Structure formats: C-alpha cells, structure tokens
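Asker: Predicted model and sequence follow; I will ask about them next.
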Amino acid sequence: MATKTDPAKLARQARDLIEQLNHVVLNDARALSAPVLSETVQVLKQLVERLPQAFEQTADVLEMLAEQDKVVVDGQDPKAAVAEVAAELRAAGAGSQQLAKELANPASALFLMGGR
C-alpha cells in the first residue's frame, strides 16, 4: 500500500525551505528587524522541538518493517542492522531535544527586542 504523501518528499521540502530562509536572512539582512528575527527564531525552535518525534516515529516504523521481514541488508542480519539504526535515530532525537533547550534562551531574549 502506497502512502498518500511521501515522507521523504516532505523532508526535502522542509530542507529546501530552510535553505531559502538562509538566503533570505543573508540577502535581506539590512531590511530585517529584531522582531522579524525573533519570530523566525521562535518558529525554528518549534521546528527543532518536533524533530525528536520524527526520529522516534521513523525508528519505530523501521523496527516494525524489520519485524515483518520487509528489510534487507546486504551481508548483515537485517534486525541487528535496524536495531543499530533505530538507536542512532533515537540518539539524534535526543540531540535535537537538547538543541531545542539551547534555543530557549536566545528565543526568549529576542522576544524582548524591538526594532526601529
């Protein structure tokens, strides 16, 4: 059964939008204000806060596929390889949780800044 929306396509769109954001911030630097940057950082923090769930769910589905014998890995036991990858995805999720915590202070400080 095919999914209605390809998750890889959604991830590519998010990546491409972040790339656009990088260009806008760099190219329009003089036209930006502290409030605009504050809102931008708030939304980036919210984005990062959602990454742990994305990594966790990806790991869960990968493990489910391995349990259903739907994963093949050349020269390795698929379940062992999947277990390793799932653990690494969960570790990445924990790292993104830490990043979200680290964004709290600058996000709060920017929230208090106005522009002229």
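Answerer: Here it is on my side, so go on.

Asker: and Gln68, backbone torsions?
Answerer: Main-chain dihedrals, Gln68, degrees, to the nearest 10: phi -90, psi 10.

Asker: Now the residue sitting nearest the centre point of the chain: closest residue in space, sequence neighbours ignored.
Answerer: Nearest to the mean C-alpha position of the chain, counting by Cα atoms, centre = their mean, stands Leu51 at 4.0 Å. Counting by Cβ to Cβ, 6 or more residues apart in numbering, Leu51 lies nearest to Ser96, which is 3.8 Å off, once chain neighbours are set aside. (Each C-beta comes from the backbone N, C-alpha and C, glycine too.)

Asker: tell me what the helix or strand that contains the one you found is packed against?
Answerer: Ser96 is part of helix 78-111 when elements are defined by DSSP states H and E. Here helix 78-111 touches helix 34-67, going by 3 or more Cβ pairs under 8 Å, 6 or more residues apart in numbering; DSSP states H and E.

Asker: ok, and for the helix it packs on, which residues are buried?
Answerer: Residues of helix 34-67 classed as buried: 37-38, 40-41, 44-45, 48-49, 51-52, 54-56, 58-59, 62-63, 66 (neighbour count, 16 or more other Cβ atoms under 10 Å).

Asker: relative to helix 78-111, how tilted is that helix?
Answerer: 170 degrees (axes from the mean of the first three to the mean of the last three Cα atoms, to 10 degrees).

Asker: quick one: secondary structure of the residue lying closest to Pro35 once chain neighbours are set aside?
Answerer: Excluding the flanking residues, the one nearest Pro35 by Cβ to Cβ, 6+ apart is Gly115, at 5.3 Å. At Gly115 the chain is in coil, as set by DSSP: H, G, I helix; E, B strand; the rest coil.
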